[in-house]
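A.B. asks: A structural model of the following input is requested.
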Amino acid sequence: MRLTKTELNSVPIYNLSSVGKALPLWVHDKKSRAGKARAKLRPADAAGEHVEVIQDLFFPTMCGKAKLSSDGETLLTTGGYPPQLRAFELRELSLKFERHFNAEVVDFQVLSADWKKAVYLLADRSVEFHTQFGKHHTTRIPVHGRCLGYQPETTELLLAGAGPEVYRLSLERGAFLQPLDSGAAGVNAIGVDPTHGMVVLGTADGTVQCWDPRQRSLLGAASPFAAIDAVDGFGGGGPAPAGGLHLGSPERSVTSVRFDPGGLLLAAGTSSGHVALYDVRSSRPVCLKDHRYGLPVHSIKFHQGKCVSADAKIIKIWDHAGAVDASGEPPTFASIQPPADVNGLCAFPDSGLLFAPLEAERLGAYFIPALGPAPKWCHFVDSLTEEMEAAPAAAVYDDYKFVTAEELGSLGLSSLVGTKALRPYMHGFFVDSRLHAKAVSLSQPFAYEQWRKQRVQERLGAKTAGRIAPVKKERPPKVNAALAEEIATRERQAVKEAARKAR
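C.D. replies: Now for the predicted structure:
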């Protein structure tokens, strides 16, 4: 078995969902030689090329959301097409059951400690309640939903979407209650503090609103873009310069919110690719983290003392409690760039295992030993990573060779610059290993003969090095042989006397 390993800041990251050889992102697996070779392999041989943490951990086209049950025994994932739910029993490392929906799942929430009670918000404005036997009840909301949240203290389900209202559905009474009016154009994210129950809303107007669920009143609001504009030099929270982003526009909205387990820190992700970390007692952010892709941050988790945030291109793990770096941001601990767009994030508690729903058939699974050990249900991952640490590191890509511009000219391949045969990368190019071997053989026709002679000499030298060489006796000179013998005797006596004094 082999795992694909990447490393950033001396932090190794193992891709548990990779298959076969390491391939560049621009090479599609079905068109590559590795993919064709795997298609011809027998199932038994192909199974030995990769590690399946959980069997059948894939969807027909893509995966949208992934969440763990509170007891840590079941992984619930949604995807398509067709829209469906797949539940995996982690102790058995296999699929437990699957269910299908009439519309795409926008968001879902597990209501019980296990998987038996859950609610699903669908793209057709319907809300489905599922129990152990299947669908229990269906209701609808007036607007297209974007997010939902659950408050266990009051057993209220919070639903929001393309409108200012946050609809409150009491699961105890079985009826809708008076909604919360945010006054915004829409609500993109809902968060419930696990300690004191405060509700936070991420709005489409670019503000973060905190609500008291007991009195259903607004406690306060803050704008992450005010701090972002101040850092970028735009001024204190006003509109951006001409041609830039403006408050209230779709480009300046809060797309995700998350409380830390302690209940005092609040992270808000924005549509500009920033994460603002707040102390709930202050309206000014403690720090800002920029993903530098300009894409909305759709998922945030607090995991093992680190903050994990994700947009469509990258998953960043950063130390929110550490000192800022030279750029004024919290230092990046590690980052993951999957081969497809990221749709969500799921972190297994008290471990270094992360799941990432992707715009691909296979669900992304990554193991970071620096964050924590592997879970008990996949303890074999620890031994695999230890074996890889002891084994020598392989090349970056198996079927491609990296060459600089000078090496490209010496091989006579400069005319291929700008074609599909070369892929620019950093200060050089990636070229197919077969093409590189042919170019070397043509540019240096006698290189093989020289290499062969050198190898023969090295092998002969290795064989003769272990033999006992014959002792050659020095012949006395023909002139003054007696005097030479006397001088040699004196030298030997002097050496013995010096050795005796040294003791």
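
A.B. asks: drop to CA atoms for contacts and neighbour counts, all remaining ones
C.D. replies: OK.

A.B. asks: For the strand or helix carrying L201, the averaged confidence score.
C.D. replies: Per DSSP states H and E, L201 falls inside strand 199-203. Per-residue pLDDT over strand 199-203 has a mean of 93.

A.B. asks: buried set for it?
C.D. replies: 199-203 (16 or more other C-alpha atoms under 10 Å).

A.B. asks: repeat for stretch 78-90
C.D. replies: 78-80, 83-90.

A.B. asks: For it, list the C-alpha coordinates in CSV.
C.D. replies: Taking Å, rounded to 0.1, in the frame of the first residue of the first chain, the C-alpha atoms of stretch 78-90 are listed here in CSV:
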residue,chain,number,x,y,z
THR,A,78,-24.8,13.8,1.0
GLY,A,79,-24.1,14.1,-2.7
GLY,A,80,-25.4,13.3,-6.1
TYR,A,81,-26.4,12.7,-8.8
PRO,A,82,-29.2,11.6,-8.0
PRO,A,83,-29.4,13.4,-4.7
GLN,A,84,-28.8,10.9,-2.0
LEU,A,85,-27.6,10.3,1.6
ARG,A,86,-25.0,7.7,2.5
ALA,A,87,-24.3,6.7,6.1
PHE,A,88,-21.1,4.8,7.0
GLU,A,89,-20.6,2.8,10.1
LEU,A,90,-17.1,3.6,11.2
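
A.B. asks: Give me the distance between that stretch and the centre of its chain.
C.D. replies: Distance, stretch centre to chain centre, for stretch 78-90: 21 Å (C-alpha atoms, centre = their mean, to the nearest Å).

A.B. asks: Give me the residues contacting the strand holding L201.
C.D. replies: Contacts to strand 199-203, defined as C-alpha atoms under 8 Å, 6 or more residues apart in numbering, come from residues 184-193, 208-213, 253-257, 268.

A.B. asks: Give me the sheet partners of that strand and which way each runs.
C.D. replies: Using DSSP bridges, the strands paired with strand 199-203 in its sheet are strand 187-192 (antiparallel), strand 208-212 (antiparallel).

A.B. asks: closest to D319 out of those?
C.D. replies: Proximity to D319, assessed across the strands paired with strand 199-203 by C-alpha to C-alpha, is greatest for strand 187-192 (21.4 Å).

A.B. asks: can you give me the mean pLDDT across the closest one?
C.D. replies: The predicted model gives strand 187-192 an average pLDDT of 92.

A.B. asks: What of stretch 264-283?
C.D. replies: Mean pLDDT, stretch 264-283: 91.

A.B. asks: Would you mind writing the CA trace of that stretch as CSV?
C.D. replies: Provided in CSV are the C-alpha atoms of stretch 264-283 (Å, rounded to 0.1, in the frame of the first residue of the first chain):
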residue,chain,number,x,y,z
LEU,A,264,-15.8,32.9,23.7
LEU,A,265,-14.3,33.0,20.2
LEU,A,266,-16.3,33.4,17.0
ALA,A,267,-14.9,32.9,13.5
ALA,A,268,-16.6,34.5,10.5
GLY,A,269,-15.7,33.6,6.9
THR,A,270,-16.3,36.2,4.2
SER,A,271,-17.0,36.1,0.5
SER,A,272,-13.6,37.8,-0.1
GLY,A,273,-11.6,34.9,1.2
HIS,A,274,-10.9,36.2,4.7
VAL,A,275,-11.6,34.8,8.2
ALA,A,276,-12.2,37.2,11.0
LEU,A,277,-11.7,35.9,14.5
TYR,A,278,-13.8,37.7,17.2
ASP,A,279,-14.0,37.7,21.0
VAL,A,280,-17.7,37.8,21.6
ARG,A,281,-17.1,40.6,24.2
SER,A,282,-15.7,42.9,21.5
SER,A,283,-16.8,44.1,18.1
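
A.B. asks: residues of that stretch that come out buried?
C.D. replies: In terms of neighbour count (16+ other C-alpha under 10 Å), stretch 264-283 has its buried residues at 265-280.

A.B. asks: Tell me which of the residues you listed fall in strands.
C.D. replies: Taking DSSP state E as the definition of strands, the buried residues of stretch 264-283 contribute 265-270, 274-279.

A.B. asks: Including distance to H436, could those go into CSV?
C.D. replies: What follows is these, written out as CSV (distance: C-alpha to C-alpha, whole Å):
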residue, distance to H436
L265, 54
L266, 53
A267, 49
A268, 49
G269, 45
T270, 45
H274, 42
V275, 44
A276, 48
L277, 49
Y278, 53
D279, 56
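
A.B. asks: Among these, find me the one that's closest to R434.
C.D. replies: Nearest to R434 among those, with distances taken as C-alpha to C-alpha, is H274, at 43.3 Å.

A.B. asks: How about the contacts made by that closest one?
C.D. replies: By C-alpha under 8 Å, 6+ apart, the contact set of H274 is 288-292, 296-297.

A.B. asks: how close does it sit to T255?
C.D. replies: 10 Å (C-alpha to C-alpha, to the nearest Å).

A.B. asks: Common neighbours of those two, please.
C.D. replies: Taking C-alpha under 8 Å, 6+ apart as the contact rule, H274 and T255 both touch 296-297.

A.B. asks: quick revisit: grab the two from the buried residues of stretch 78-90 that are most spread out in space.
C.D. replies: Applying C-alpha to C-alpha across the buried residues of stretch 78-90, the maximum distance is between P83 and L90, 22.4 Å.

A.B. asks: Find the nearest non-adjacent residue to the residue nearest the centre of the chain, please.
C.D. replies: By C-alpha atoms, centre = their mean, the chain has its centre lying nearest to I336, at 2.9 Å. Nearest residue to I336 in three dimensions, chain neighbours excluded: I315, at 5.0 Å (C-alpha to C-alpha, 6 or more residues apart in numbering).

A.B. asks: That neighbour - how many residues pack around it?
C.D. replies: Neighbour count of I315, defined by other C-alpha atoms under 10 Å: 23.

A.B. asks: That one pairs with what?
C.D. replies: Going by DSSP bridges, I315 forms beta bridges with A310, I336.

A.B. asks: Does it touch A340 like I think?
C.D. replies: No - counting by C-alpha atoms under 8 Å, I315 stays clear of A340, with 11.8 Å between them.

A.B. asks: Can you pull out the low-pLDDT segments for the protein?
C.D. replies: Applying pLDDT under 70 to the chain flags residues 1-3, 18-51, 232-250, 322-323, 326, 388-398, 465-473.

A.B. asks: residue ranges of the helices in it, please?
C.D. replies: Using DSSP state H, the helices of the chain run over 33-40, 43-47, 224-232, 380-390, 405-410, 433-443, 447-465, 481-502.

A.B. asks: Select, out of these, the one closest to V119.
C.D. replies: helix 224-232 (30.6 Å).

A.B. asks: Give the buried residues for stretch 162-171.
C.D. replies: For stretch 162-171, by 16+ other C-alpha under 10 Å, it's 162-170.

A.B. asks: Enumerate every residue touching the closest residue in space to R91 that isn't next to it in sequence.
C.D. replies: Leaving out its chain neighbours, the residue that sits closest to R91 by C-alpha to C-alpha, 6+ apart is W377, at 5.5 Å. Counting by C-alpha under 8 Å, 6+ apart, W377 makes contact with 90-91, 93.

A.B. asks: Export these to JSON lines and append columns for distance to K463.
C.D. replies: Listed next are the contacts of W377 as JSON lines, based on distance: C-alpha to C-alpha, whole Å:
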{"residue": "L90", "distance to K463": "56"}
{"residue": "R91", "distance to K463": "56"}
{"residue": "L93", "distance to K463": "53"}
